[in-house]
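K.L.:
The sequence and its predicted three-dimensional model are supplied below.
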Amino acid sequence: MCCAKEAAQQSVHSPGRVADSETVGYALLDPDNWRDGKLLNAAFSRTRLRACDLSIYRVESSTAAMILEKVVSPQLQRNQSRSFAGVLRALCADIRACRDQSTNDRQFCVVDDGLDGFESHALLGFSESTAGASSNLQTAARANLVAVFGGDGSIATNLP
């Protein structure tokens with residue numbers, strides 16, 4: 001039901017549905033999802049994507065202070081061996097344009113999930129067809145997502 005949620009605003013705290021023209025960001029923590037200059041598979045967990053529960057944020061409606069307070073700092077406090085590595089960014093239209101090569105079905109959905117005090121929070125997940133697909137197809141979809149986010153070793157260290 002992830003993509004069905006895109007049709008209407010999901011949270012009273014969000015600025016509205018996530019538009020194709022918006023850029024979304026994904027904060028990376030070392031060593032959880034980024035290590036030695038490499039993006040780890042844990043960064044785009046298939047489990048979280050299947051549940052439409054991968055936390056991202058809307059860049060245009062975020063500030064550096066907000067991302068530090070609501071995303072980075074809580075993670076660092078929970079586990080002090082972590083450090084902030086940087087962020088990956090992608091245009092929402094590019095995420096939604098990822099398609100299964102054999103069926104042409106969409107692979108991903110982006111849903112508003114604004115929280116009280118963190119209005120720019122959003123969720124990223126597999127489309128219904130990808131969530132129900134084989135492990136191999138989900139891995140291929142994940143590779144498409146990594147490519148869209150530019151997870152080839154180049155991350156931004158400036159927020160948002």
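P.N.:
Done, it's in.
K.L.:
and S134, how many residues sit next to it?
P.N.:
Per other CB atoms under 10 Å, the neighbour tally for S134 reads 9. Yep, even glycine has a C-beta here, placed from its N, CA and C like the rest.
K.L.:
can you map out the strands along this structure?
P.N.:
In the chain, the strands defined using DSSP state E lie at 23-30, 34-35, 38-39, 54-58, 83-91, 108-112, 121-126.
K.L.:
how about low-confidence regions in the chain?
P.N.:
For the chain, the stretches flagged by pLDDT under 70 are 152-154.
K.L.:
Apply 90 and report the result again.
P.N.:
Scanning the chain with the threshold set as pLDDT under 90 gives 1-2, 36-42, 150-160.
K.L.:
what's the distance between H13 and H121?
P.N.:
Going from H13 to H121 by CB to CB, to the nearest Å gives 8 Å.
K.L.:
re the thing from before, point out the one among the strands of the chain that comes closest to R17.
P.N.:
Closest to R17 of the strands of the chain is strand 108-112 (CB to CB; 5.7 Å).
K.L.:
Which elements pack onto the closest one?
P.N.:
In terms of contacts (3 or more CB pairs under 8 Å, 6 or more residues apart in numbering; DSSP states H and E), strand 108-112 is packed against helix 92-96, strand 121-126.
K.L.:
In a markdown table, list these along with mean neighbour count and distance to V111.
P.N.:
Converted to a markdown table, the helices and strands packed on strand 108-112 look like this (neighbours: other CB atoms under 10 Å; distance: least, CB to CB, whole Å):
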| stretch | mean neighbour count | distance to V111 |
| --- | --- | --- |
| helix 92-96 | 19 | 11 |
| strand 121-126 | 24 | 5 |
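K.L.:
OK, contacts around G86?
P.N.:
Going by CB atoms under 8 Å, 6 or more residues apart in numbering, G86 touches A27, L28, W34, I155, A156, T157.
K.L.:
middle-most residue in this structure, spatially?
P.N.:
Closest to where the C-alpha atoms of the chain average out (CA atoms, centre = their mean) is I56, at 4.1 Å.
K.L.:
and stretch 120-127, how far from the chain's centre?
P.N.:
Distance of stretch 120-127 from the chain centroid (CA atoms, centre = their mean, to the nearest Å) equals 6 Å.
K.L.:
One more: stretch 37-51?
P.N.:
9 Å.
K.L.:
I'm done for today, thanks for sticking with me.
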